[in-house]
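Student: Just the structure for this:
(2 chains)
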Protein chains: 2
Amino acid sequence: MTGPTHPAPEPRTPTPRPGGRSARVRAEVVAATLAEITEKGYDGLTVEAVAARAGVHKATLYRRWGGVDGLVADALTASADQAWPLPDTGDLQQDLRRITREVFSVFTDPELGPTPTALIFAAQRSDAGAAALRAFFAARHRQAAEVVERAAARGELPAGTDSAEVVRAAVAPLYYRLFVSDDPLDARTAERAADAAALAARTGLFAPTSPAPEQN
Amino acid sequence: MTGPTHPAPEPRTPTPRPGGRSARVRAEVVAATLAEITEKGYDGLTVEAVAARAGVHKATLYRRWGGVDGLVADALTASADQAWPLPDTGDLQQDLRRITREVFSVFTDPELGPTPTALIFAAQRSDAGAAALRAFFAARHRQAAEVVERAAARGELPAGTDSAEVVRAAVAPLYYRLFVSDDPLDARTAERAADAAALAARTGLFAPTSPAPEQN
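Tutor: Model prediction:
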């Protein structure tokens, strides 16, 4: 389910020439969109305010982004494109702990947290945003899956382990609290989520060829 | 975080006399609110449409529910009050599988799924809704925690296991897909989420007195 609106088409996003004026404009517009969403939320987001903050003509924004939903979608796409450092401690449990601690640290930080939080809620408000949100999490899962693939290569995991599924298992308890149940989130919870995912992976729960182990 | 709006005050909800006219009116208004949200979403929800569908005077709705956000909050409160059957198979893993399969079945059912999905997204749109959403999930966690407490009483789990935390671990991968990452959800994923939570619980991950086990 993609949110209140279904189904989600591809978001309308520009294809800037890297380093060119188009890329600079996009960076300014994305930054302005994030700042506006953080301050005012989706309901307060207007093309006019983003244009004024970015110093770009309103007509340019409508032409290239289509409107507020295209701006939200492109802000997510820009975030998904940003590389982020992957841990490589040589141990799956420790790598997953670094990843869940990073999610915990970003979203609960009073300075850093409000922007990605507002962006995710804003993206849920349109088809274009929901499609960009799906692509964003898919990209994050793919990127983080590398720590699981390394563990498999080290022989830590059963053959055929679904690496993206291990990542989802590790981060799900955090996002569930942040965006669904609104339970408090602390560092211990983030650590436990990583430990539970590593334990399940080593036991073979994410190796589709093996049946789920009966524990009694 | 409660959504785009913070902080969340208590939702304004009536206190009907059970079985009385007030209770019947509330039941009709809740049913009408759920039907309207399912058809039109939060953005299309109006007190007028709910009043017309419920056959209740608009003034009564404004007086007792305050507006659309009070209607959404009370629809969630009414859902949280509804008892639901708890599995009791005599085995934690099997009980948790029944619970996650129930979540999977309800939300992915073309007939049953759209209403709770729309209700959760609608609740995220206001402080009153967010507070009711928190209370709804807290009540569900408390109710389902009974299967974990039974397992602890049977000696399946270490002393001091956080029963609500085991429930959150079991359902988080499902709600993460449904309301955050929008990854596809299938029966195997629901089963795996239960198995991983049961495994982590038996290993002592949710017993705060015991440190997280180092797996290497």
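
Student: so how far is the helix ranked longest in chain A from its chain's centroid?
Tutor: Determined from DSSP state H, the single longest helix within chain A is helix A:127-153. Centroid separation between helix A:127-153 and its chain, computed with CA atoms, centre = their mean, to the nearest Å, is 8 Å.

Student: With stretch A:182-195 instead?
Tutor: For stretch A:182-195, the distance to the chain centre is 17 Å (CA atoms, centre = their mean).

Student: what's the answer for stretch A:79-87, then?
Tutor: Taking CA atoms, centre = their mean, the mean C-alpha location of stretch A:79-87 is offset from the chain mean by 10 Å.

Student: quick one: A:Gly55 and A:Ala27 touch, right?
Tutor: No: counting by CB atoms under 8 Å, A:Gly55 stays clear of A:Ala27, with 12.0 Å between them. Using the backbone N, CA and C atoms, a C-beta is placed for each residue, glycine as well.

Student: So for those two, which sits in the more crowded spot?
Tutor: A:Ala27 (13 against 10; other CB atoms under 10 Å in any protein chain shown).

Student: For the more buried one, list the residues it contacts.
Tutor: Counting by CB atoms under 8 Å, 6 or more residues apart in numbering or on different chains, A:Ala27 touches A:Ala78.

Student: Next: A:Lys40.
Tutor: A:Ala49.

Student: What of A:Glu102?
Tutor: Residues near A:Glu102 by CB under 8 Å, 6+ apart: A:Trp84.

Student: Can you give me the pLDDT of it?
Tutor: Reading off the confidence values, A:Glu102 has pLDDT 95.

Student: Look up which helix or strand it falls in, please.
Tutor: Take DSSP states H and E as the rule and A:Glu102 turns out to sit in helix A:92-108.

Student: after that helix comes which helix or strand?
Tutor: That would be, after helix A:92-108 and using DSSP H and E, helix A:114-123.

Student: what's that next one packed up against?
Tutor: helix A:21-40, helix A:68-81, helix A:92-108, helix A:127-153 (3 or more CB pairs under 8 Å, 6 or more residues apart in numbering or on different chains; DSSP states H and E).

Student: With just CA atoms, put that helix into CSV.
Tutor: Output of helix A:114-123 as CSV, limited to C-alpha atoms (Å, rounded to 0.1, in the frame of the first residue of the first chain):
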residue,chain,number,x,y,z
PRO,A,114,13.0,16.8,11.8
THR,A,115,13.9,17.0,8.1
PRO,A,116,13.9,13.3,7.2
THR,A,117,10.9,12.8,9.4
ALA,A,118,8.9,15.6,7.7
LEU,A,119,10.1,14.4,4.3
ILE,A,120,8.8,10.9,4.8
PHE,A,121,5.4,12.0,6.1
ALA,A,122,5.2,14.5,3.2
ALA,A,123,6.1,11.8,0.6
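
Student: For it, give the mean pLDDT please.
Tutor: 96.

Student: Where do the domain boundaries of chain A fall?
Tutor: According to automatic domain parsing, chain A comprises the domains A:20-80, A:92-202.

Student: Give me whichever of these is most buried.
Tutor: domain A:92-202 (a mean of 21; mean count of other CB atoms under 10 Å in any protein chain shown).

Student: Excluding chain neighbours, what is closest to the spatially most central residue of chain A?
Tutor: By CA atoms, centre = their mean, chain A has its centre lying nearest to A:Phe137, at 4.3 Å. Nearest residue to A:Phe137 in three dimensions, chain neighbours excluded: B:Ser181, at 3.8 Å (CB to CB, 6 or more residues apart in numbering or on different chains).

Student: Same question for A:Ala78.
Tutor: A:Val30 (4.6 Å).

Student: check contacts around that neighbour.
Tutor: The neighbours of A:Val30, taking CB under 8 Å, 6+ apart as the test, are A:Asp74, A:Ala75, A:Ala78.

Student: What is the nearest of these to chain B?
Tutor: Checking these against chain B by CB to the nearest CB gives A:Ala75 as the nearest, at 15.2 Å.
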